[in-house]
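Engineer: Give the three-dimensional model of this entry:
(one chain, ligands or ions: 2)
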Amino acid sequence: MSLYCGTFFRRKSFGCYRLLSTYVTKARYLFELKEDDEACRKAQQTGLFYLFHDLDPLLQESGHRYLVPRLSRAELEGLLGKFGQDSQRIEDSVLVGCSNEQEAWFALDLGLKSASSVRASLPKSEMEAELGGSFVKLRQALLQLNSVDSSLLFTAQALLRWHDGHQFCSKSGQPTQKNMAGSKRVCPSNNIIYYPQMAPVVITLVSDGARCLLARQSSFPRGLYSALAGFCDIGERVEEAVHREVAEEVGLEVENIQYSASQHWPFPNSSLMIACHATVKPGHTEIQVNLKELEAAAWFSLDEVATALRRKGSFAQQQREASPLLLPPKLAVAHHMIKEWVEKQSRSSLAA
Ligand SMILES: NC(=O)C1=CN([C@@H]2O[C@H](COP(=O)(O)OP(=O)(O)OC[C@H]3O[C@@H](n4cnc5c(N)ncnc54)[C@H](O)[C@@H]3O)[C@@H](O)[C@H]2O)C=CC1
Ligand SMILES: [Mg+2]
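Structural biologist: Ligands and ions are numbered 1, 2, ... in the order given. Model prediction:
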């Protein structure tokens, strides 16, 4: 195999060369690590490790941003040794990605409570002192992380949480075993395989052609409005879930459902957010808020939404300034949809 401008050439069985892009090579490598425990164990020798403590990632403050440190195998073994743990503990880690050069990345939680003494939760503050960083709640750190780091940490946290919650087979009650990469767990007594799961959620930005509908739950920060979101029911198509959720939450019927984007969202569990735009039937714009689900919902004009999008400063700052409308952070798919709607409306009002 030779490396050429980030692209691999691989000999095919019938003798000619086929071009494999860096992306394809990476995808095939990750697939191999998930399927082959020995290959994954080998990758742990040269890989890098993200650390967590009870699902909080290790971060280092740098000005107004957070950096995400990664430990080499030698550094991790040194740390474990200081806390009386041997390197076997490294096999609890889960695979979260790899570099273009096939350096595998893993996440390891050293703070989860476990009945076993070999899997003891290591003391948080002593580890922080040793590592020169802090284990920070991911939700709190969201706005100070870049999008690449946050996406990796979202995946890592979701996978670690899933393993923590699936230690036992729901049929036999026996302990399940993780494969080396952490892409599944198996019950040795009946061979049932458990795979990490995400719950599909539809999130819909409803428009009446001139305004868009935004809503808030009582748990949202003061002033924050977002698009309508809801978990898909079992057996439902995405379109059906969009129709039902909008009807349930604001009492409206929608049409012209258009897919926009998707996002993995780890809070409070792992959801696959499926973002769609939709319109209401002409003349049918009267909102009837379901107060069991929402605190308020309202139509907002292009001007109101565009002004809120342009506003700079943190949530806390905007709340202090009593901004009339706060929107979800850039990292959330809801922000992306609202921005997309503003751009489309602005283009059509210019063209008119
Ligand atoms: N990334 C983003 O831009 C946004 C993400 N979200 C996320 O979307 C998710 C769904 O939004 P909600 O309005 O709360 O949903 P929702 O409108 O379906 O209401 C939540 C209720 O649905 C029920 N439910 C059904 N299946 C569930 C499941 N698999 N997990 C948990 N609850 C389930 C529960 O009774 C729960 O109280 C939330 O986790 C929220 O964090 C919401 C808005 C924006
Ligand atoms: Mg909802």
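Engineer: what residues go with each domain of the chain?
Structural biologist: When the chain is parsed into structural domains using automatic domain parsing, the resulting residue ranges are 2-194, 199-351.
Engineer: Return the member of those having the minimum mean pLDDT.
Structural biologist: Of all the domains of the chain, the segment with the smallest mean pLDDT is domain 2-194, scoring a mean of 90.
Engineer: near ligand 2, which residues of the stretch 151-300 of the chain show up?
Structural biologist: Ala229, Gly230 (CB under 5 Å from the ion). Bear in mind the C-beta positions are built from the backbone N, C-alpha and C, glycine included.
Engineer: ok, which stretches of the stretch 151-300 of the chain are strands?
Structural biologist: Under the criterion DSSP state E, counting those that start in this stretch, the stretch 151-300 of the chain contains strands at 177-178, 185-186, 193-194, 199-207, 211-216, 228-231, 254-265, 271-280, 296-301.
Engineer: and of those strands, who's closest to Thr25?
Structural biologist: When the strands of the stretch 151-300 of the chain are ranked by distance to Thr25, counting by CB to CB, first place goes to strand 254-265 at 23.2 Å.
Engineer: what's across from Leu58 in the sheet?
Structural biologist: The residues paired with Leu58 through beta bridges, assigned by DSSP bridges, are Phe135.
Engineer: That one and Ala43: what is the separation?
Structural biologist: Relative to Ala43, Leu58 is positioned 21 Å away (criterion: CB to CB, to the nearest Å).
Engineer: And the helices in the stretch 251-352 of the chain?
Structural biologist: Ranges of helices within the stretch 251-352 of the chain are 302-310, 315-320, 333-351, based on DSSP state H, counting those that start in this stretch.
Engineer: Just put those in JSON lines and tack on mean neighbour count.
Structural biologist: Output for those, formatted as JSON lines (neighbours: other CB atoms under 10 Å):
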{"stretch": "helix 302-310", "mean neighbour count": "16"}
{"stretch": "helix 315-320", "mean neighbour count": "14"}
{"stretch": "helix 333-351", "mean neighbour count": "16"}
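Engineer: would CSV of the ones you listed with distance to Gln263 be doable?
Structural biologist: Shown next, in CSV, are the helices of the stretch 251-352 of the chain (distance: least, CB to CB, whole Å):
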stretch, distance to Gln263
helix 302-310, 18
helix 315-320, 19
helix 333-351, 4
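Engineer: I'd guessed Val201 sits against Phe267; true?
Structural biologist: No: taking CB atoms under 8 Å as the definition, Val201 is not a contact partner of Phe267, at 11.1 Å.
Engineer: Compare neighbour counts for these two and give me the winner.
Structural biologist: Neighbour comparison, Val201 and Phe267: the larger count goes to Val201, with 20 against 12 (by other CB atoms under 10 Å).
Engineer: Alright, calling it a day.
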